[in-house]
Each structure stands twice: as structure tokens, then as C-alpha cells.
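[1] The following comprises the amino acid sequence and a computationally predicted model.
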Amino acid sequence: MDARDIRSAYLQFYAARGHHLIDRADLVPRDDPTTLFNGSGMQQLLPYLLGTEHPAGTRLTDSQPCVRVQDIEEVGDNRHTTFFEMLGNWSLGDYFKSEQIPWFWEFLTEVVHLDPSRIYVSCFSGDETNHIPKDTESADIWADLFARAGIDNARVDLGTEEHGGHVGNGGARIAFYGGKNWWCRAGAAEAMPVGEPGGPDSEVFYLYPDISHDPAYGEQCHQNCDCGRYIELGNSVFMQYVRTDDGFGPLPRRNVDYGGGLERIAAAAIDSPDVFRSSLLWPIVEQVQTLTGKSYDTHTRSMRVVVDHLRGAVFLAVDGVRPSNKEQGYVMRRLVRRAIRFAFDLGVQENFLQKIVPTIAHLYSDAYPEVTERLDDVVAALVKEEKAFRQTLRRGLRELIRMSDQVVSGDELFVLYDTYGFPVELSVEEAHANSISVSEQWRTEFDARMRAQRERSRAANKMHL
Ligand code: SER
């Protein structure tokens, strides 16, 4: 099954279980100034998870394009991408753990045909301070599913992540963690504002036994180890709590909020730990190989960055974002310019977005028709940014290399930003890549110059009024 088949099989699977297929949300959330991008399927469902009736009922499903820019520096490994599709299903006070967990198991093992003996899971170990119990109910459901499949079902309590790294899971199928198995938009229970929903979750991982554990990530391996042996495929959040003034209270209804990574499930289906080998990314990699005459096997990281960032930029353009110097536009500019810079290192010195953007769009023509409908505008926006940046790229890079015998300060980074349009993070990365030292206070120095410039232009605007 390729990624497109998995997407439609998933939606059909949940439709057959009474779920209504909802439209995806735009990448830029409406009426929510707290976040730049939709980073998860539940974002558009927040009012319903809090208790409002959804017009389509209590069982919903979709596939949601997501952008998570906190992963930008991690792009280059086999599984992190700034853009990805999240398969989602929700129960708004309808079914709960005893349906959700067996359904997901059935989907993975009987529809996608993953090897059941390579599936590992995690559950919430409880939070004594906030009186939230250990989730033995989910663990019992998993244990039963494993037992029926003739698979060992040992449990281990790993508490904190550090502890997990110290002792490892000893091969246990079901691992309990604390904060790692609590899901809320704020990232951690302590960071949740009053009124914010959250809950314990149960994650599913796929084991790649041929990858050896890397002790740089902890002495021993376990479900949440970052060495890449276990790759998370999906997460069922049992959203039943809300933050109150003095702790946590119950939400009006017990909800399920499931989100799974389409590309990761598709990679598992072809038994590859590398999401870039999945059918939604590989055709783009192939085109980059053709354009550069270089091989993915020897230029893996740079090609992953180019492919991931351009795919993200295409979707942002489809949803109306345009490169600029602030908020979503700045992130988009960073993605495009970073992709061009990495492609430049691969030897692409001519404009190439005109060629690659249609390849990306074509991969989504069936699932998201708006991608092909808006293709001309998307190509025009990206090509315009490419032209603007390429003119200054060579000069900017030369300028940076010229500074190689000194420590580059935030002031100098500001000049690169102001004159050549180099996003500051890109300059810092470029400097590191060329072993050029950067002042430890670069961010403060840069921000001070930025503020001064803003004040100057504000004063100038006032004079013109
Ligand atoms: N909201 C959860 C997540 O983003 C599950 O959908 O992982």
C-alpha cells in the first residue's frame, strides 16, 4: 500500500465505523492568535472537544496537513519533517479506549499489514500531584490484543524520560511514562492555561530491529528513545480533563483525539524507517537527484531538507501565505531560502522551483484538489521569491565567508539580513557549516539592531503623516 492508498483506506475504515469525514483546516488557523500554524488535527476541533455540539455528530475523521516549525533544525534525519499529514479520528463523548485502541491495532495490522510483533506501545504512568490515575485500562486493552496475537505483553514503568534512557524497556511491549504520555497543546501539564483541555495518551511505535541503539541518546533503548529504532506512528489522546484554577477537572465529555503520521505509517508499510522513501516524498527526491546528478545515498541530509522545505512552502502558498518578514510569511521565507541554499550546496545554481513545484502539487491532486487549482499562483509566488533570493545568495555567501577570520557578531548578521535578505538563522547555520565562529550573544545583538531599525521606520512614518 502506498501513502495515498493508506490515506483513503484510513478514511474509509473510520467512515465504515460511523465517522463523518470533515474538511481539512487551513494551515493558518483562523481566530487563534496563539499559534502560527495548524500543527495537529484537533486544532480546528477545540470548541467541540470542550463541549460544543459538532454539527456532523460525535464521530469525525480527516487527514490534516500540518506544519511544525519547531522541527526545522531536526529536518535531515529519517523521520522529522516540518510538513506532514496527520490522519485523525475523534470521538466527542462517544466511544472511548475499548474501541479506539482495538480499531487502530486492526487498521495497522489488518489493513496496512504491519508486522504485529514489531508494534510497541506506551501509556500514562499517572500524576499524583494532580490526582490523575495511571492508565492501566489502556495497558490492559493492549495486553489483551498482544496476547490474542500470540505476542509477549510485558509492561515496564519508565516514569521519566531520563529513567527510560538509563534502564531501557528491556524489550517490554508496554511502557508507562509520565509527562511523555500526557497530551495538551501547551506541551506539558504545568504549562496549560486555565480552560485548556488535555489528557493521558497512548502512543504506538514501530520497531526497526536492524537499527542498532545509539548510546548518545541514553544507555538503553526504549519506546521514546530518540535513536530512531522505535518510530512513533500514532497517538490516541484520551482527552477528558480541563485545567482549572486549582488543578484539573473533568471535561463535560470524555473524548478521543487520535492523530497518526501518514508518511511514517507509509514508510512502515514498505518496511523503511525513512519517511523520505514513502510515496509522497520519494518522487520529489528523485527529481532532486535528476536535477543535481547526485545520489540521495551520498547527499541524504541536504536532499531531505530541500524536499521537506519545498513541500511545506508549496502547501503554505496553497493556503495563501506569501514570503514576508513576519509571522507565517517569515517561516515560509525561511523554508524557501533554506531549501535554495541547500540545493545550492548540491550544485543547483539556476532557478529550479518552476520544475519542482508541479511535481509536488501532482502528488496531492487527488486528496487536495485546491493544490492543483491554485498551482499557477503557487508557482508564481515561489519563483518570485527564488529569483529575489538567488540574486543575493552568492554575494551574501561571499560576504559571510569573508568574515571567516573573525567572530561574527549579531550586528554583522543584521547587515546580512538587511542587505541580502538572509534569514538570521540561516546565516548562523551557514557560519557553523563553514566553521566560522558566531558571537554567543548574536541573538541579543541582532534583536537590538532590529528594534532600532523598527523605531527608525516608525519615526519616519510619523513624519510622513
Ligand atoms: N492531538 C494529538 C497529537 O497531535 C493527537 O491527535 O499528537
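    Cool, the structure landed. Numbering: from 1, shown residues only.
[2] so where is the stretch 251-400 of the chain shaky, pLDDT-wise?
    Applying pLDDT under 70 to the stretch 251-400 of the chain picks out no residues at all.
[3] Can you tell me which residues in it are near the ligand?
    Residues of the stretch 251-400 of the chain found near the ligand (Cβ under 6 Å from any ligand atom) are 257, 258, 259. The C-beta positions use only the backbone N, C-alpha and C, and glycine is treated the same way.
[4] let's go with 8 Å and repeat that
    Residues of the stretch 251-400 of the chain lying close to the ligand (Cβ under 8 Å from any ligand atom) are 257, 258, 259, 260.
[5] Report the beta-bridge partners for the second one.
    So the one you mean is residue 258. residue 89, residue 236 (DSSP bridges).
[6] my guess is it meets residue 233, correct?
    No - checked against Cβ atoms under 8 Å, the pair residue 258 and residue 233 is beyond contact range at 11.1 Å.
[7] ok, these two, which is more surrounded?
    Counted by other Cβ atoms under 10 Å, residue 258 and residue 233 do not tie: residue 258 has more neighbours, with 26 against 22.
[8] Can you give me every residue that contacts the residue of the stretch 201-350 of the chain found nearest the ligand?
    The ligand sits closest to residue 259 of the stretch 201-350 of the chain, with a gap of 2.4 Å, by Cβ to the nearest ligand atom. Listed by Cβ atoms under 8 Å, 6 or more residues apart in numbering, the contact set of residue 259 reads 40, 41, 42, 64, 86, 87, 88, 234, 235, 237.
[9] Among these, which ones are in strands?
    Assigned to strands by DSSP state E, the following of the contacts of residue 259 qualify: 64, 86, 87, 88, 234, 235, 237.
[10] Now do the helices in the stretch 251-400 of the chain.
    262-269, 282-292, 300-318, 327-345, 353-363, 369-373, 375-402 (DSSP state H, counting those that start in this stretch).
[11] Got the phi and psi for the residue nearest to the spatial centre of the chain?
    Centroid-nearest residue in the chain, with Cα atoms, centre = their mean: residue 68, separated by 4.4 Å. Dihedral pair for residue 68: phi -130, psi 100, per degrees, to the nearest 10.
[12] who touches it in this structure?
    37, 39, 82, 84.
[13] Kindly identify which of the residues you listed also come near the ligand.
    residue 39.
[14] Kindly confirm my reading that residue 62 is in a strand.
    Yes - Residue 62: assigned to a strand according to DSSP: H, G, I helix; E, B strand; the rest coil.
[15] State the distance from the residue of the stretch 51-200 of the chain at minimum distance from the ligand to residue 246.
    Per Cβ to the nearest ligand atom, residue 183 is where the stretch 51-200 of the chain lies closest to the ligand, at 5.3 Å. Separation of residue 183 from residue 246 (Cβ to Cβ, to the nearest Å): 22 Å.
[16] Over to residue 61?
    Counting by Cβ to Cβ - residue 61 and residue 246 are separated by 36 Å.
[17] more neighbours, those two?
    residue 61 (22 against 8).
[18] Endpoints of stretch 49-57, how far apart?
    12 Å (Cα to Cα, to the nearest Å).
[19] and that stretch, anywhere near the ligand?
    No - no part of stretch 49-57 sits near the ligand under the criterion Cβ under 8 Å from any ligand atom; the closest distance found is 9.5 Å.
[20] Need the mean per-residue confidence for that stretch.
    For stretch 49-57, the mean per-residue pLDDT is 97.
[21] Show me what that stretch is in contact with.
    Contacts for stretch 49-57 (Cβ under 8 Å, 6+ apart): 20, 22, 42, 45, 48, 60, 90, 92, 195, 197, 239, 242, 251-253, 255, 257.
[22] which of the residues you listed count as buried?
    Buried subset of the contacts of stretch 49-57 (neighbour count, 16 or more other Cβ atoms under 10 Å): 20, 22, 42, 45, 48, 60, 90, 92, 197, 239, 242, 251, 253, 255, 257.
[23] Which two among those residues are spaced furthest apart?
    Largest separation among the buried ones among the contacts of stretch 49-57 by Cβ to Cβ: 20 and 242, giving 24.6 Å.
[24] how would you label residue 11: helix, strand or coil?
    Here residue 11 is helix, with the state taken from three-state DSSP.
[25] Nearest to residue 133 among the contacts of residue 68?
    residue 39 (28.4 Å).
[26] nearest residue to that closest one other than its sequence neighbours?
    residue 68 (4.7 Å; Cβ to Cβ, 6 or more residues apart in numbering).
[27] what residues does the stretch 101-250 of the chain put near the ligand?
    So the stretch 101-250 of the chain meets the ligand at 183, 185, 201, 234, 235, 236, 237 (Cβ under 8 Å from any ligand atom).
[28] dump the residue contacts of the last one.
    Think residue 237. By Cβ under 8 Å, 6+ apart, the neighbours of residue 237 are 42, 183, 198, 199, 200, 201, 256, 257, 258, 259.
[29] Which pLDDT value goes with it?
    At residue 237, pLDDT is 98.
[30] Out of the contacts of residue 68, list just those in strands.
    residue 84.
[31] any chance of the contacts of residue 68 in JSON lines, with distance to residue 292, pLDDT and neighbour count too?
    Shown next, in JSON lines, are those (distance: Cβ to Cβ, whole Å; pLDDT from 0 to 100; neighbours: other Cβ atoms under 10 Å):
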{"residue": "37", "distance to residue 292": "29", "pLDDT": "95", "neighbour count": "24"}
{"residue": "39", "distance to residue 292": "31", "pLDDT": "93", "neighbour count": "21"}
{"residue": "82", "distance to residue 292": "21", "pLDDT": "95", "neighbour count": "26"}
{"residue": "84", "distance to residue 292": "24", "pLDDT": "97", "neighbour count": "24"}
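[32] neighbours around the closest residue to the ligand within the stretch 351-465 of the chain, how many?
    Closest to the ligand within the stretch 351-465 of the chain is residue 367: 18.6 Å, counting by Cβ to the nearest ligand atom. When neighbours are counted by other Cβ under 10 Å, residue 367 registers 18.
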